[in-house]
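> Structure, please.
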Amino acid sequence: LQQLVKQNFDRFISCKTTIDDIYTKLQHIESTSTGISTEVLYQAIQEVQTGASRVFGPILERSAKAERIRSVQLLLRRFQGLFSAPDRITALAAARNFEQVIADYRKATGLIKPGPRTVKVWGSLYGEIEQRVSEIYAQLRSEVSDPDLAADVSSDLVQHMLQLQAEGLPAAAGDDPLQLLLAAREAQFTATMQAVTADHDRALARLKAQMAAAADDKQQEPASTTDQQLLRWPGSADPDLISETLDNLAAAGSSVWQQHGLLGSSRHLSELAPLSGLQPPPPRSHIMRDTQCTPGEMLYIRYLQRQSAVLLDCLPGVWQATGAGSGHKLLLPQGLPAAAAAKIQITILGATKILERLVSTYADSARHIITALATTGPLRDALITAAEELSRTLSHLESQKAPAAAVAAVAAVLGSSVGLGVQGLVGHLSNVPGWLVSKESWCLSVTHSGAQPITQLPEQLQEEVTVAMQYYQQLLATSSSSATSAAGSRVMPADTTTKPVRDAYFACLEDTIKCIRAAADHMRPAGTAASSSSKAPSSSSSTIKPATYDPMLVDSDDEISDPTAAAAGSGTAAAAAGGAVLRPGQLTDDVRLLLMCS
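Numbering: from 1, shown residues only. Have a look, this model is predicted:
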């Protein structure tokens, strides 16, 4: 500064002198009043300013107001998404776009969540948004607790509720949506199964009363009728029951229904086939002629169908929500409180026990039904139909990616049904030889010039074994048809299927030979007994008693009798027909050789 003054000293002196001259002149003018003073000039300027304000004041005010409005408009345009968030969230919830609802709530929380210095307008707006989202959460909670919720959307709703909880929604704090879903599913399964069981019990009571009314002994009380007697009673069933069961079987593609239905005429297909047809009539069992379902068996099949429907309707939502069967675990959203995450993990572990408990309930009931149906006798269509229903249920579980434990439980029941069917088949084959020998009239007829005697026993044996093997193939088909392409072919254990049937088949042939030898020894002339016993020592010691069947299982025209009595009783009819009747002591060597070879 000193350098500046030194370099421009002359200019500073000149400026000061000029200012002092101006000041002196102004004082002289003000004192002598010979010119215009500054006060007068100030007043003139004030008058001009007042007039300008009067003229341009409203214009300036409107301009300022327009500027304020413009600034507010820009602010609204900038935060339009936030101000319209409440109405948009409601519209998104109505369109069930819950993912966008969560996204808008997350955006509002990040921008205008109230704090110590939050503007009042933002606090009010956020409160309204939070209220709308809380209402939506209550709607989700109600839907998850609904037992009729579809299984394919339940897991998505649970995921949305967990995401809202992770975003800090106060209405979702401390809630466990997965537990709500599992509790609703279990309650629905239990209540529906109880309703189905109660309806089945009422239907059984009505059928027992109908059976008691049709019985010869009118004093018999319906309560004293056993389930086994009810299953074997060939009465008339309720038309609605028949229609419902057959419709279900037709929809499921039951092989028994496709062949000849479950209930109706007791005539065999071979009796309905035309004799002049090119194809031979199908083989039939002369021991178990009527194998179609009785009204009691129809009730048990419908009971199994309805229980399977309950299982397939209620359980998929459980494992799909927890990811227990598909291998994709439930993904917990980021930001979920540690306490809530720990509660969800405990619920997921408990879901496995719930699944095991519900499937075990179904498996126990299905096993009881299968066991009851197996007591009615061999070659029954009802057991095949029940096994096909279990196979269909198992296929649905596999297609829906059910947990391995659930699939294994139902597969075990299916294996039990096949095993019980095989056991009945084995018992049937063991009784075939005695029954055939007891029904043989030993009536010989001349068929050609050689006068060779003929017996129908080998053909009947072949037919009985063929029918048994066809039934066995149907049993195995129920287990193989339940396998999916992903699971591969399911093979039943040979110890419970192939081996017993194979042993029973060969035992049936051996027992038939023994029975024929015993009959030949019984009819051999007394004089040749000693020589024959030396040639065939095994025939003298093999005496097979005729099989004894329950009268409820055998037709009235197939009563079991002793071979001798059967031969004697049919002698008159055979003689009238022109045939030769064999009696003890009248068996020729040719006939004996034929019987031994047979």
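> Please make it C-alpha for all contacts and neighbour counts, starting now.
OK.
> can you map out the helices along the stretch 301-450 of the chain?
Assignment of helices within the stretch 301-450 of the chain using DSSP state H, counting those that start in this stretch yields the ranges 316-322, 338-374, 381-399, 404-439.
> other SSEs contacting the third one?
If you count contacts as 3 or more CA pairs under 8 Å, 6 or more residues apart in numbering; DSSP states H and E, helix 381-399 packs onto helix 255-260, helix 295-314, helix 338-374, helix 404-439, helix 457-480.
> Specify the angle between the third one and helix 404-439 in degrees.
Our comparison of helix 338-374 with helix 404-439, counting by axes from the mean of the first three to the mean of the last three CA atoms, to 10 degrees, yields an angle of 0 degrees.
> so where's the stretch 401-550 of the chain uncertain?
For the stretch 401-550 of the chain, applying pLDDT under 70 flags the ranges 441-455, 481-491, 523-550.
> Quick check, central residue of this protein?
Closest residue to the average C-alpha location of the chain: Leu312 at 1.9 Å, with CA atoms, centre = their mean.
> So that residue versus Ser399, what's the distance?
11 Å (CA to CA, to the nearest Å).
> ok, now Ala205?
Ala205 sits 37 Å away from Ser399, going by CA to CA.
> Also Glu463?
For Glu463 relative to Ser399 (CA to CA), the value is 39 Å.
> Neighbour count: those two, which is higher?
Glu463 (17 against 14; other CA atoms under 10 Å).
> Against Tyr126, how distant is the nearest residue to the more buried one once chain neighbours are set aside?
Leaving aside its chain neighbours, Glu463 sits nearest to Pro283 (5.6 Å; criterion: CA to CA, 6 or more residues apart in numbering). To Tyr126, Pro283 is 81 Å away according to CA to CA.
> These two: which is more packed in?
Neighbours per residue, other CA under 10 Å: of Pro283 and Tyr126, the larger number sits with Tyr126, 23 against 18.
> okay but that one is in contact with Pro114, surely?
Yes - Tyr126 is within contact range of Pro114, at 7.4 Å (criterion: CA atoms under 8 Å).
> which residues do these two both contact?
Contact criterion CA atoms under 8 Å, 6 or more residues apart in numbering; no residue bridges Tyr126 and Pro114 by contacting each.
> List the residues that contact Ala507.
Ser430.
> Please tell me how far it sits from Ile516.
Using CA to CA, we find Ala507 at a distance of 14 Å from Ile516.
> next one: Gly115
For Gly115 relative to Ile516 (CA to CA), the value is 103 Å.
> the more surrounded of these two?
The residue with more neighbours, out of Gly115 and Ile516, is Ile516; 25 against 9, by other CA under 10 Å.
> Go through the helix or strand containing the more buried one and flag the buried ones.
Using DSSP states H and E, Ile516 maps to helix 498-523. For helix 498-523, the neighbour count (16 or more other CA atoms under 10 Å) marks 500-501, 504-505, 507-509, 511-523 as buried.
> Taking helix 457-480 as reference, get the angle to it.
Using the same axes, to 10 degrees: helix 498-523 against helix 457-480 is 170 degrees.
> By mean pLDDT, which helix or strand of this structure comes out lowest?
helix 571-576 (a mean of 30; mean pLDDT, DSSP states H and E).
> C-terminal to the longest helix anywhere in the chain, what's the next element?
Counting residues, the longest helix found in the chain (DSSP state H) is helix 38-78. From helix 38-78 onward toward the C-terminus, using DSSP H and E, the following helix or strand is helix 80-83.
> outside of that next one, which residues touch it?
Helix 80-83 has contacts (CA under 8 Å, 6+ apart) with 76, 108, 125.
> what residues are up against the residue nearest to Glu463?
270, 463-464, 466-467.
> so which helix or strand takes in it?
Pro283 belongs to no helix or strand, assigned by DSSP H and E.
> Relative to Thr512, how far out is it?
Distance from Pro283 to Thr512, counting by CA to CA: 19 Å.
> Ok, Gln139 next?
According to CA to CA, Gln139 and Thr512 sit 74 Å apart.
> what does Glu459 give?
Taken as CA to CA, the span from Glu459 to Thr512 is 12 Å.
> What of Ile112?
94 Å.
> what's the answer for Cys293, then?
Applying CA to CA, the value for Cys293 to Thr512 is 30 Å.
> Repeat that for Gln423.
Counting by CA to CA - Gln423 and Thr512 are separated by 20 Å.
> Any idea which of the helices and strands packed on helix 381-399 gets closest to Trp233?
Trp233 lies closest, by CA to CA, to one member of the helices and strands packed on helix 381-399: helix 295-314, at 7.2 Å.
> could you say what helices and strands the closest one packs with?
helix 177-214, helix 227-232, helix 239-252, helix 338-374, helix 381-399.
> can you rerun that using 6 Å?
Of the remaining helices and strands, those touching helix 295-314 by 3 or more CA pairs under 6 Å, 6 or more residues apart in numbering; DSSP states H and E are helix 227-232.
> Now the helix it packs on: buried residues?
227, 230-232.
> Flag whichever of those scores worst on pLDDT.
Among the buried residues of helix 227-232, Asp227 carries the lowest pLDDT, at 79.
> Could you check how far the nearest residue to that one once chain neighbours are set aside is from Tyr471?
Distances taken as CA to CA, 6+ apart put Ala372 closest to Asp227, at 7.7 Å, once the chain neighbours are dropped. To Tyr471, Ala372 is 19 Å away according to CA to CA.
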